[in-house]
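Novice: dropping the sequence and predicted coords here.
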Amino acid sequence: MKWLVTLAVLPGILIMLWVYKKDKIEKEPKGLLLKLFVLGAISVIPAALLEIGAGWILESSVTDGLDEILIIAIENFAGVALIEEAGKYFFLKKGSWKHPAFDYRFDGIVYAVMVSMGFAVVENIMYVVENGFGNAIVRALISVPGHASFAICMGAYYGAAKVAESWGDPVQSEKLRAKALWMPVFMHGFFDFCLSVDSWIALIVFFIYIIVVDIVIIKKIKKYSREDTPIYVQNTGAL
């Protein structure tokens, strides 16, 4: 049991350490990072309850007469991705938006990853303990990095939104905060949708998708780390 839990926790820890090391200019307070991790872990509870409720609603007359593919899309985009990413975003914003340590653009990525890995670690423990070693390997290579990719996307827009606010542009800040939610929802929903469709074509699309996403995310995080600037100094870099 202990080694299964270790396998479940290790991928999230490694990803957090990787992102933490990319924060080159000013390291974030460890207390804040722990708080965000715990908030992410707590977000599993409301997410699970809401997903149960969404599943019950979708199994009722709501989806009667709809095409099977459309039902799968609704289940994955609305019944899972929206609920989980909205929960992560809620706790991310509550735990960090007004914190004085949020003074560099890259901080948004660090914070989002901490929340997401809190969620992913708890979710991973539940799946791995129930399904065993094989599931641990699959989730370590696919699911946990997937959550990290969604979080990095969320954090990039979240940090940009904080920059816009510091410029005195609340409209742009609000637009970027919206993207910080909806872009990860789309990424997460498509990720789950491809795995839920019983088709070899969908499986091929899935693997192409995660390879492309991982390459783009790794390049982006290196760029954001290298070009990180203080939030209260005008940043002309594009997102």
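Specialist: Everything's here; your move.
Novice: check which helix or strand covers the most centrally placed residue in the chain.
Specialist: Geometric centre of the chain, nearest residue: residue 151, 3.1 Å, by Cα atoms, centre = their mean. Element membership for residue 151 (DSSP states H and E) is helix 144-166.
Novice: which elements pack onto that helix?
Specialist: Counting contacts by 3 or more Cβ pairs under 8 Å, 6 or more residues apart in numbering; DSSP states H and E, helix 144-166 is packed against helix 2-22, helix 83-96, helix 107-131, helix 170-196, helix 200-226. Placement of C-beta: from N, CA and C, glycine included.
Novice: looking at the ones you listed, which one is packed in the most?
Specialist: Using mean count of other Cβ atoms under 10 Å, the stretch among the helices and strands packed on helix 144-166 with the largest mean neighbour count is helix 107-131, at a mean of 24.
Novice: average pLDDT for that one?
Specialist: The average pLDDT for helix 107-131 rounds to 92.
Novice: so it versus helix 170-196, what angle?
Specialist: Between the axes of helix 107-131 and helix 170-196, defined by axes from the mean of the first three to the mean of the last three Cα atoms, to 10 degrees, the angle is 20 degrees.
Novice: make 36 the starting number, not 1.
Specialist: Yes, from this point I'll number from 36; that puts the last item at helix 142-166.
Novice: packing partners of helix 142-166?
Specialist: Looks like helix 142-166 contacts helix 37-57, helix 65-77, helix 79-94, helix 118-131, helix 168-173, helix 179-201 (3+ Cβ pairs under 8 Å, 6+ apart).
Novice: can I get those helices in CSV with distance to residue 212?
Specialist: Below are the helices and strands packed on helix 142-166 laid out as CSV (distance: least, Cβ to Cβ, whole Å):
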stretch, distance to residue 212
helix 37-57, 20
helix 65-77, 17
helix 79-94, 20
helix 118-131, 8
helix 168-173, 33
helix 179-201, 4
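Novice: among those helices, which is nearest residue 243?
Specialist: Closest of the helices and strands packed on helix 142-166 to residue 243 is helix 179-201, at 14.2 Å (criterion: Cβ to Cβ).
Novice: for the closest one, buried residues please.
Specialist: 179-201 (16 or more other Cβ atoms under 10 Å).
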